[in-house]
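>>> I'll drop the sequence and a predicted model, then ask my questions.
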Amino acid sequence: MVNRKLRKRVVFFAAIEEAQHEALRYIAFKERRSMADVAREAFENYIEFKAREYPIGTLEVESAETVKAKRSSR
């Protein structure tokens, strides 16, 4: 993954297992990348994998706002 400026950044907090943290830290160290960059790549790979099962498509900001508006109108 190439270092790039994120278009629209969202902060994501999650508790992970200690072994998962150590694995992320080790991979990031070996590849001279940030843990955040390694985690973003993992998310991208997981979403790409799941997109075969669920038709996710590309979710743009406009469509996310539409979903949010539909939920709040219920």
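Structure's in. What do you need?
>>> all contacts plus neighbour counts: C-alpha atoms, from now on.
Fine.
>>> give me the low-pLDDT residue ranges for the chain?
Residue ranges of the chain with pLDDT under 70: 1-4, 6, 57-74.
>>> grab the longest helix from it for me.
Looking across the chain with DSSP state H, the single longest helix is helix 35-50.
>>> other SSEs contacting that one?
For helix 35-50, the packing partners by 3 or more CA pairs under 8 Å, 6 or more residues apart in numbering; DSSP states H and E come out as helix 18-31.
>>> list the buried ones in the helix it packs on?
Leu24, Arg25, Ala28 (16 or more other CA atoms under 10 Å).
>>> closest one to Phe12 out of those residues, please.
Comparing the buried residues of helix 18-31 against Phe12 with CA to CA places Leu24 closest, at 15.6 Å.
>>> which residues touch the closest one?
Residues in contact with Leu24 (CA atoms under 8 Å, 6 or more residues apart in numbering) are Met35, Val38, Ala39.
>>> now do 6 Å
Counting by CA atoms under 6 Å, 6 or more residues apart in numbering, Leu24 touches no other residue.
>>> gap between Arg33 and Ile27?
8 Å (CA to CA, to the nearest Å).
>>> do Ala36 as well
In terms of CA to CA, Ala36 sits 11 Å off from Ile27.
>>> got the CA coordinates for stretch 19-37 in CSV?
Provided in CSV are the C-alpha atoms of stretch 19-37 (Å, rounded to 0.1, in the frame of the first residue of the first chain):
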residue,chain,number,x,y,z
ALA,A,19,-2.1,-11.3,19.8
GLN,A,20,-3.8,-9.4,17.0
HIS,A,21,-2.1,-6.2,18.2
GLU,A,22,1.3,-7.8,18.4
ALA,A,23,0.9,-9.3,14.9
LEU,A,24,-0.1,-5.8,13.5
ARG,A,25,2.8,-4.2,15.3
TYR,A,26,5.3,-6.8,14.0
ILE,A,27,4.0,-6.6,10.4
ALA,A,28,4.2,-2.8,10.5
PHE,A,29,7.7,-2.9,11.9
LYS,A,30,8.9,-5.4,9.4
GLU,A,31,7.4,-3.5,6.5
ARG,A,32,8.4,-0.1,7.9
ARG,A,33,4.8,1.1,7.8
SER,A,34,2.4,2.5,10.4
MET,A,35,0.0,0.2,12.2
ALA,A,36,-2.8,2.4,10.9
ASP,A,37,-1.7,1.7,7.3
